[in-house]
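I would like to see how this sequence folds:
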Amino acid sequence: MNYVFAFLVAVSIGAAAWKGAPEHPATVDGFVVAVDASAPAVKAGSAARVTVDDIEYPATVSKVESGKITLGACHAPNGAASVRLDDEYAMKLVSDAAMEQAKKAVELAIGLIGAMTLFLGLMKIVESGGGLDLVARAIRPVMVLLFPGVPSNHPAMGAMVMNIAANVLGLGNAATPFGIRAMQELDSLNKEKGTASNAMVLFLAINTSGVAVLPTGVIAVRAALGAKEPASIFATTLAASLANTVVAVLAAKTLQRFFRGPSEERAEREKLEPFDFVPLLGATLVMLALVGWVYTSELASTWIVPLLIGTMVGFGLVRKVKVYEVFVEGARDGFQSATRIIPYVVAILVAVGMFRASGALEVLVKLLSPPAQLIGMPPEVLPLALLRPLSGSGAFALTSDITKTYGPDSFIAQVAGTMQGTTETTFYVLAVYFGAVGITRYRHAVPTGMLSDFSGVIASVIAVRLLLGGP
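This next block holds a predicted model:
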């Protein structure tokens, strides 16, 4: 991650220095200069430079409107001119982005405090009642095979299962606290603090590429824009994310051999009996029932979180847990975990913000467009493929814009929607989860995440072509 952070910052500064500020055609009429441009970053009162016959004249922005900017107090001669706007200088945009993203990172981390305090408090209730052990046993056959270094009865198993289940159901606010708790439990088994263990990397690989059953955000956008079948991307997202998860697991298992890390003792391999698969079957049926309920009922999504909270508290009461005292104890840990991740979130969001503002992303898109077309990817979705691992909110906004621009039922929009639901903000997830337990050596987590993102992009294109049709 050190190299990724340094690369993003260095490229951002270099790209901004190379780019400078774009020139806009303009017309000088008296002391007024009319600029044919639309520049969201430009504000009234900012400085500008008007060039006529290679002579530069200072000016000030007096009015900003859609498609046109007016400058005043300019002493350039009448006629055609070119204008550079100080607010559009790439280095200024990079500087502003760094400060803005640092602010947003802190706001984001503070916003997580409430959810993490709530759900880690609830998880403490479940843990005290033995619930995590029950959850782990329900999916023990799968987890034993994936995580041979983690005892099947360890609390980490239950926490990982709850995180994955929350992601499947689209409960992002609950998934993050559960995931952080899982990382804390995995760190308790880690013999080399500060260095990611194989189990940690594999868990995050599954987390960032996990099976997405409910891409509710994208479906809502498609419905609002008049799609004939807003939920048509359900099948493509499920298929692509399943393929993505397989690649992520294989990548994590393969790459761990080439990155030195903490030694891990294999837990004693437990013999699996046919009866051990019964709880797994039951848990699968319950999950499928929940998914079916959400898709068939408009009110289901509003019931899931209250039911989750009620179930966790009710479980504690049945198991004779002092729910209030235990909740407060767990909530205190959640508050401390949320504040601990702030420096890590600031670092990654600032680097990503600078990278986008510098124009480096646009240059990368141009370079990669030809090879993208060779594999059948519409060049219109390439910016989304590059942005998705870096910025969740930016990627969602871009997905919405693509869907609106090309129509929700177009091949381009279907690929974009599937890609949004299949891939994840890899660098943000790594920063938050590893930051919560003080991991600074990520080992093979970054290459695993990047391979997963790449496979998710390819799988999205293939899934849409096979299941929905395409050019």
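
count the residues that sit near Ser250.
Not Ser; residue 250 is Leu. For Leu250, the neighbour count with other Cβ atoms under 10 Å is 15. Heads up, the C-betas are built off the backbone N, CA and C, glycines and all.

neighbours of Gly226, just the number please.
If we define neighbours as other Cβ under 10 Å, then Gly226 has 10 of them.

that one is in contact with Lys404, isn't it?
No - counting by Cβ atoms under 8 Å, Gly226 stays clear of Lys404, with 10.1 Å between them.

in what helix or strand does Thr27 lie?
In this structure, Thr27 sits in strand 24-29 according to DSSP states H and E.

which residue packs closest to Gln420, ignoring adjacent ones?
In space, and not counting its chain neighbours, Gln420 is closest to Thr399: 4.4 Å by Cβ to Cβ, 6 or more residues apart in numbering.

for Glu192, same thing?
Pro262 is the one closest to Glu192 (Cβ to Cβ, 6+ apart), at 3.7 Å.

same question, Gly334
Closest to Gly334 by Cβ to Cβ, 6+ apart is Leu120, at 3.3 Å.

next: Gly394.
Per Cβ to Cβ, 6+ apart, closest to Gly394 is Leu387, 5.5 Å.

next one: phi and psi at that neighbour?
phi -80, psi -30 (degrees, to the nearest 10).

wait, it touches Glu362, no?
No - counting by Cβ under 8 Å, Glu362 is not a contact partner of Leu387; they are 10.9 Å apart.

who's more crowded, these two?
Shown here are Leu387 and Glu362; by other Cβ under 10 Å, Leu387 has more neighbours (22 against 14).

now do the contacts for the more buried one.
Arg356, Leu361, Gly394, Ala395, Leu398 (Cβ atoms under 8 Å, 6 or more residues apart in numbering).

JSON lines for these, including pLDDT?
Below are the contacts of Leu387 laid out as JSON lines (pLDDT from 0 to 100):
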{"residue": "Arg356", "pLDDT": "79"}
{"residue": "Leu361", "pLDDT": "79"}
{"residue": "Gly394", "pLDDT": "73"}
{"residue": "Ala395", "pLDDT": "80"}
{"residue": "Leu398", "pLDDT": "79"}
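
picking that back up, name the element the residue nearest to Gln420 belongs to?
Applying DSSP H and E, one finds Thr399 within helix 392-406.

and the angle from the next helix or strand after that helix to helix 392-406?
Next in sequence after helix 392-406, counting helices and strands by DSSP H and E, comes helix 411-422. Computed by axes from the mean of the first three to the mean of the last three Cα atoms, to 10 degrees, the angle separating helix 411-422 from helix 392-406 equals 160 degrees.

who are the packing partners of helix 411-422?
Contacting helix 411-422 under the criterion 3 or more Cβ pairs under 8 Å, 6 or more residues apart in numbering; DSSP states H and E are the following elements: helix 216-224, helix 233-255, helix 382-387, helix 392-406, helix 445-467.

and those helices: which comes nearest Phe5?
helix 445-467 (10.4 Å; Cβ to Cβ).

which parts of the closest one are buried?
445-449, 451-465, 467 (16 or more other Cβ atoms under 10 Å).

and for stretch 316-329, what's in contact with it?
Contact with stretch 316-329 is made by Gly121, Leu122, Lys124, Ile125, Val126, Ser128, Gly129, Gly130, Gly131, Val313, as judged by Cβ under 8 Å, 6+ apart.

mind redoing it with 7 Å?
Gly121, Leu122, Lys124, Ile125, Val126, Ser128, Gly129, Gly130, Val313 (Cβ atoms under 7 Å, 6 or more residues apart in numbering).

alpha carbons of that stretch, as CSV, please.
The C-alpha coordinates for stretch 316-329 follow below in CSV (Å, rounded to 0.1, in the frame of the first residue of the first chain):
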residue,chain,number,x,y,z
GLY,A,316,-29.3,-12.1,24.2
LEU,A,317,-32.4,-12.1,26.4
VAL,A,318,-33.1,-15.7,25.7
ARG,A,319,-29.5,-16.6,26.5
LYS,A,320,-29.8,-14.6,29.8
VAL,A,321,-27.2,-12.0,28.7
LYS,A,322,-27.3,-8.6,30.5
VAL,A,323,-28.0,-6.9,27.2
TYR,A,324,-27.7,-3.3,28.3
GLU,A,325,-24.4,-3.6,30.0
VAL,A,326,-22.9,-5.9,27.3
PHE,A,327,-24.2,-3.6,24.6
VAL,A,328,-22.4,-0.6,26.2
GLU,A,329,-19.2,-2.5,26.5
